[in-house]
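Novice: Sequence and predicted structure are below.
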Amino acid sequence: MAFVHGSAAYIGVDNAATSLTDISAYVTSVEGFPGDAASHETTTFGKTTVTRSAGLFDTKISISGLYDATCDGVLAGIRGLVGTVTYRPAGAAGQQYSGEFLCTSYKVSTPVGGMQTWTANFEIASGNLGDSTI
């Protein structure tokens, strides 16, 4: 088993008007891939333990990083739009997650005593998260 340092990760975003843009150089954290599966309780009378059935899959991701005007232009331009988000935890080779996501929020934080940062949140839009090895 080979462990991978977080700095190797790749993250790219696009929408219908732009091509995939690598924003990795501005990103400090990615959370949420590959996502969650809903669980529905199916316990009936007479059971002594809880039973469950699998439900739908859902992926909500949060990406945060350091502010830069170039990255701001990309993220501000996709807020409220559906586009592709591609994430490669190990960088150029290995596992890749990709899907159509709605950018639900993009916020910039400007502290007086620190670096400007941003956070962008996405929710799966197509219901299909691609999971492949490149």
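Specialist: Done, it's in.
Novice: What score does G99 have for pLDDT?
Specialist: With respect to pLDDT, G99 scores 89.
Novice: What's the separation between the closest residue to it other than its chain neighbours and K60?
Specialist: Leaving aside its sequence neighbours, G99 sits nearest to L129 (Cβ to Cβ, 6 or more residues apart in numbering; 4.2 Å). Every C-beta, even on glycine, is put in place using the N, C-alpha and C of the backbone. Separation of L129 from K60 (Cβ to Cβ, to the nearest Å): 11 Å.
Novice: Ok, L102 next?
Specialist: 10 Å.
Novice: Common neighbours of the two, please.
Specialist: F122, E123, I124 (Cβ atoms under 8 Å, 6 or more residues apart in numbering).
Novice: To which secondary structure element is the first one assigned?
Specialist: Using DSSP states H and E, F122 sits within strand 117-133.
Novice: residues touching the residue sitting furthest away from the middle of the chain, list them.
Specialist: Taking Cα atoms, centre = their mean, the residue of the chain most remote from its mean C-alpha position is G46, at 41.9 Å. With contact set as Cβ under 8 Å, 6+ apart, G46 has no partners.
Novice: what do you get for T21?
Specialist: T21 makes contact with G12, V13, D14, V74, according to Cβ under 8 Å, 6+ apart.
Novice: Check T51 too.
Specialist: For T51, the contact set (Cβ under 8 Å, 6+ apart) comprises E41, T42, T43, T44.
Novice: Now flag whichever of those is closest to L66.
Specialist: L66 lies nearest to E41 out of those, by Cβ to Cβ, at 43.0 Å.
Novice: circling back: of the contacts of T21, which belong to helices?
Specialist: The helices, defined by DSSP state H, take in V74 from these.
Novice: Setting aside sequence neighbours, what's the nearest residue to the residue nearest to the spatial centre of the chain?
Specialist: Residue closest to the average C-alpha location in the chain (Cα atoms, centre = their mean): I61, at 3.3 Å. Of all residues not flanking I61 in the chain, G32 sits nearest, at 3.4 Å (Cβ to Cβ, 6+ apart).
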